[in-house]
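> pasting the structure only:
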């Protein structure tokens, strides 16, 4: 809580004279475009806080949070469905690869202009951020939560004195919302937009069905306004194109097909339970008995002839019982005088109980909605999935899935880089201007499956050796060695010079023998 209050104190100091700090002082007739899913609020830039201009959004605040909460709870609900959970787990396993003695994420500062000393210090702070997250143990869980909820809010708790991070606490997104105050002015009778200000509102344990909830607040539970610097906000999904501009998750397009598959499976089970057994039909001759006595006569016959065998799962025993007849058991029908008399026949069971093509169709459709390639869907007729013996045999769906995973990893990077930025700035390792200049080159390298990557590397090298053998007879006539180095072996200048020097050294040592042509 001390970290929270410190952030609030910092926020109050920045709001000098109750005026909002303009992030973009340039005027425009169009409001700034936003892809974070923030709820835009148009306010007068000259109006002080607390006026009607700043209170206009109060009535819509509760509806905004309520719709977001409903959306997230829907994603969490379908994520419990086992096919969806299996697809999510495959996505998480591809994005966060955990191996022994190898970190799943590595900070890449190769293309920055920092000195080696600065790079070492930044790397130490990155390791500290991973430690705060306990990323080695909970990295995949963090990624899965971020993917399912379609967003993640992380409260950066800081030390009051040093301002350094002491904890990174994940906040339930159903209670948090990002808002953007879009500031406008009137210039010569025209409305122009001059800047914006982002902030968060947090309300714990909202109950929108409670009558005590009124205009974005509850009795004793008022929303807490937080500055943008206090929260790391990272959306994982896409921005809805409607006026709501909510962040919709990648699970959004799986909602309909998941519900369809669940209903179809339930209907299939009910149908099979009702139609699977064969049932006997008893036509009992009741003669000229009145209806009441005829019904009693049939019931007496049912009670005398019924012998229902029941399996008791709690004791493991089989016992006889004369419980009431169910729809899956025998049927007794009365017959009047002059009919054929008592007759016993068989009512056949369902004839199409083994047809599950519709289930398989919606199952494939669900995996497609989850962006999983067809090769990842288990073939139940064979019991396993067989990938091609060659990496080149991987189809386009698998390549698209790899690109999708990479896009997710790029979106996930701010979860690690935003706390890192805070650390390096408050410890004055670099300035904010230096961070801004190098931010495009500060990357996170995600660990990849070592077996697949090794297979790719060996196959690529084998392919290059085959091309090298084919090009050898043309070397010196149509193509040069330099061309082979750069275009077939794809070596850099440094690698070419290194290999040439190494070959000369091995020739001098007698490890390599050359022929009369110098090869």
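Okay, I see it. This structure is a prediction, so every number in the text was calculated from the model and none was measured. Numbers count the residues shown, from 1 in each chain.

> lowest average confidence, helix or strand, in this structure?
helix 52-55 (a mean of 41; mean pLDDT, DSSP states H and E).

> Would you state the helices of the stretch 101-250 of the chain in chain order?
With DSSP state H, counting those that start in this stretch as the definition, the stretch 101-250 of the chain shows helices at residue ranges 116-133, 135-149.

> so which of these comes closest to residue 355?
Across these, residue 355 has its closest neighbour in helix 135-149 (33.7 Å, CB to CB). In this view, the C-beta of every residue, glycine as well, is placed from N, C-alpha and C.

> what's the closest one packed up against?
Contacts defined by 3 or more CB pairs under 8 Å, 6 or more residues apart in numbering; DSSP states H and E place helix 135-149 against helix 58-79, helix 82-95, helix 116-133, strand 151-158, helix 396-412, helix 414-426.

> Turn the ones you listed into TSV, columns for mean pLDDT and distance to residue 281.
Listed next are the helices and strands packed on helix 135-149 as TSV, based on pLDDT from 0 to 100; distance: least, CB to CB, whole Å:
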stretch	mean pLDDT	distance to residue 281
helix 58-79	72	44
helix 82-95	92	40
helix 116-133	95	67
strand 151-158	94	60
helix 396-412	88	53
helix 414-426	95	66
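
> Just send the ones you listed back as a markdown table, with mean neighbour count and distance to residue 377 too.
Below are the helices and strands packed on helix 135-149 laid out as a markdown table (neighbours: other CB atoms under 10 Å; distance: least, CB to CB, whole Å):
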| stretch | mean neighbour count | distance to residue 377 |
| --- | --- | --- |
| helix 58-79 | 17 | 18 |
| helix 82-95 | 18 | 9 |
| helix 116-133 | 16 | 33 |
| strand 151-158 | 21 | 28 |
| helix 396-412 | 15 | 10 |
| helix 414-426 | 20 | 30 |
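
> Export the ones you listed as a markdown table, with columns for distance to residue 467.
Below are those laid out as a markdown table (distance: least, CB to CB, whole Å):
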| stretch | distance to residue 467 |
| --- | --- |
| helix 58-79 | 47 |
| helix 82-95 | 31 |
| helix 116-133 | 38 |
| strand 151-158 | 46 |
| helix 396-412 | 22 |
| helix 414-426 | 40 |
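
> Of all the ones you listed, which one comes closest to residue 358?
In terms of CB to CB, the element of these nearest to residue 358 is helix 82-95, at 15.0 Å.

> and the closest one with helix 396-412, angle?
Interaxial angle, helix 82-95 versus helix 396-412 (axes from the mean of the first three to the mean of the last three CA atoms, to 10 degrees): 70 degrees.

> could you say what helices and strands helix 82-95 packs with?
Applying 3+ CB pairs under 8 Å, 6+ apart, one finds that helix 82-95 contacts helix 58-79, helix 135-149, helix 255-275, helix 357-369, helix 396-412.

> can I get the ones you listed in JSON lines with distance to residue 191?
JSON lines is the format used below for the helices and strands packed on helix 82-95 (distance: least, CB to CB, whole Å):
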{"stretch": "helix 58-79", "distance to residue 191": "20"}
{"stretch": "helix 135-149", "distance to residue 191": "36"}
{"stretch": "helix 255-275", "distance to residue 191": "38"}
{"stretch": "helix 357-369", "distance to residue 191": "42"}
{"stretch": "helix 396-412", "distance to residue 191": "34"}
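
> Ok, which of the ones you listed comes nearest residue 429?
Minimum separation from residue 429 across the helices and strands packed on helix 82-95 (CB to CB) falls at helix 135-149, 20.7 Å.

> who's in contact with the closest one?
Helix 135-149 is contacted by residues 72, 75-76, 79, 88-89, 91-93, 95-96, 98, 103-105, 130, 133, 152, 170, 173, 234, 236, 249-251, 408, 412, 415-416 when judged by CB atoms under 8 Å, 6 or more residues apart in numbering.

> Ok, stretch 406-417 next?
By CB under 8 Å, 6+ apart, the residues outside stretch 406-417 that reach it are 91, 95, 105, 126, 129-130, 133, 135, 142-143, 146-147, 152, 154, 232, 234-236, 442-444, 446.

> one more time with 6 Å, if that's ok
The set of residues external to stretch 406-417 that reach it, using CB atoms under 6 Å, 6 or more residues apart in numbering, is 95, 234, 236, 444, 446.

> Between the residues you listed, which sits nearest residue 185?
Of all the contacts of stretch 406-417, residue 185 sits closest to residue 234, with 32.1 Å by CB to CB.

> for that closest one, what are its contacts?
The contact partners of residue 234, by CB under 6 Å, 6+ apart, come to 152, 414, 415.

> and it, what are its bridge partners?
Bridge pairing for residue 234 (DSSP bridges) gives the partners residue 152.

> in stretch 474-493, what counts as buried?
For stretch 474-493, a neighbour-count test (16 or more other CB atoms under 10 Å) marks 484, 485, 488 as buried.

> quick check: mean pLDDT across that stretch?
The pLDDT scores in stretch 474-493 average 82.

> what comes into contact with that stretch?
Contacts for stretch 474-493 (CB under 6 Å, 6+ apart): 464, 467, 468, 471, 496.

> still on that earlier bit, closest one to residue 297 out of the contacts of residue 234, please.
Nearest to residue 297 among those, counting by CB to CB, is residue 152 at 71.2 Å.

> Would you check how far apart the closest one and residue 301 are?
From residue 152 across to residue 301, the span is 68 Å (CB to CB, to the nearest Å).

> got it, and residue 404?
66 Å.

> Could you chop this structure up by domain?
If you go by automatic domain parsing, the domain ranges for the chain are 2-224+231-251+402-448, 278-346, 449-519.

> Going by mean pLDDT, which of the ones you listed comes out lowest?
Ranked by mean pLDDT, the domains of the chain end with domain 278-346 at the bottom, a mean of 66.

> May I see the buried residues of stretch 424-434?
Buried positions in stretch 424-434, judged by neighbour count with 16+ other CB under 10 Å: 424, 429, 430, 434.

> Name the surrounding residues that touch that stretch.
Applying CB under 6 Å, 6+ apart, the contact partners of stretch 424-434 are 121, 122, 125, 163, 164.

> again, only this time at 10 Å
Here stretch 424-434 makes contact (CB atoms under 10 Å, 6 or more residues apart in numbering) with 112-114, 117-118, 120-122, 124-126, 158-159, 162-165, 421, 423, 435-438, 442.

> quick revisit: could you point out which of the contacts of residue 234 is nearest to residue 288?
residue 152 (79.1 Å).

> What's the separation between the nearest residue to residue 435 once chain neighbours are set aside and residue 427?
Nearest non-adjacent residue to residue 435, counting by CB to CB, 6 or more residues apart in numbering: residue 421, 5.9 Å away. According to CB to CB, residue 421 and residue 427 sit 11 Å apart.

> shared neighbours of those two, anything?
Shared contacts of residue 421 and residue 427 (CB under 10 Å, 6+ apart): residue 125.
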